[in-house]
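Asks: could you work out the structure for the sequence below:
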Amino acid sequence: MKFQRNLKSSASVPTESMGDIVFLLLIFFMVSTTFERQALLKVDLPEASVVEDRTELPDTLELVIDSIGIMYLNDRQLVNSEERTLRAAIEEAGR
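Replies: The predicted model follows:
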């Protein structure tokens, strides 16, 4: 029994999807080249101004209460240990 060999092979490349790919690449390169034009815009940004007459505030406040209840704020003795006195002393130290 003799089989026939098919010597002709059909090699076909689908061209429909190739056209879509080329079209998408064309759109991509057209869009990406427009970013170069935006880089040519000149923008004047505001500059910071320097404040020269700034008083230095203390970095820390040290509150010490001794064994009998006398309060010291930054090595200054408070008149009494009431809350309003402590508040006033803290506000004064913050100025």
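
Asks: point out where the chain drops to low pLDDT.
Replies: 1, 6-11, 13, 34-40, 51-58 (pLDDT under 70).

Asks: ok, D66 - how many residues close by?
Replies: 9 (other CB atoms under 10 Å). The way it works is simple: take the backbone N, C-alpha and C, and place the C-beta from them, glycine included.

Asks: go ahead and confirm it touches S81.
Replies: No - taking contacts as CB atoms under 8 Å, D66 lies outside contact range of S81: 10.5 Å.

Asks: what about the helices in the protein?
Replies: Per DSSP state H, the chain carries helices over the ranges 16-32, 35-38, 83-93.

Asks: tell me which strands and helices the last one is in contact with?
Replies: In terms of contact count using 3 or more CB pairs under 8 Å, 6 or more residues apart in numbering; DSSP states H and E, helix 83-93 is assigned the packing partners strand 71-73.
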